[in-house]
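Asker: no FASTA, just this:
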């Protein structure tokens, strides 16, 4: 069982352990700044749209930047399937802005320096950063339009992530299972 700290306060300044969200759970509400400092919330997701969260280690990780480039290349495929993308790391707004300036991603790069969303999904990699700091494992979470977690994959290493084709397949599988279909009844 994965336990994490930080989502709930105990009233005395100490975090209370909570279990990481799993498939079938209500998605964690969040409000995180993007690379331009604007805040994005789960509730901002358009109606009838799935949200795909991509957790990555940081702009310094070449493998993670490669993953981001694959999401960029396949962005229209996700859009065609009524899915929005957002990438989440512990990078500062400034680091996210520099990465976005260089590559112009068509989806937001969200800064989760307090680990609220990363911890909600059990994606924290304690001391896994290149300087021994806590960072995020790579991972993918698919949230349906009713804000329910329908798919979750948290990898152990930077390269341990399903391909975008596998993620698209899992999105299609979730949609075809009748859990929720865009434009249709759930």
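Answerer: Arrived safely. It should be emphasised that the depicted structure is a prediction, and the values quoted were computed from it without experimental measurement.
Asker: Hmm, residue 81 is touching residue 168, no?
Answerer: Yes - between residue 81 and residue 168 there is a contact at 6.8 Å, judged by CB atoms under 8 Å. Any C-beta I mention is one placed from the backbone N, CA and C, and that applies to glycine too.
Asker: The two: which is more packed in?
Answerer: residue 168 (18 against 15; other CB atoms under 10 Å).
Asker: Now that one: which helix or strand?
Answerer: For residue 168, the host element (DSSP states H and E) is helix 164-176.
Asker: go on, residue 79?
Answerer: Assigned by DSSP H and E, residue 79 falls within helix 75-80.
Asker: do residue 140 as well
Answerer: strand 139-143.
Asker: Same check on residue 88?
Answerer: Using DSSP H and E, residue 88 falls in strand 83-89.
Asker: Can you point out the buried residues in the helix or strand just after that strand?
Answerer: Next helix or strand after strand 83-89 toward the C-terminus (DSSP H and E): helix 93-103. Buried residues in helix 93-103, counting neighbours by 16 or more other CB atoms under 10 Å, are found at 93, 95, 96, 97, 99, 100.
Asker: do the same with stretch 32-50
Answerer: 32, 33, 34, 35, 40, 42, 45, 50.
Asker: Quick check: the fourth one touching residue 99?
Answerer: So that's residue 35. Yes - with contact defined as CB under 8 Å, residue 35 reaches residue 99; the gap is 7.3 Å.
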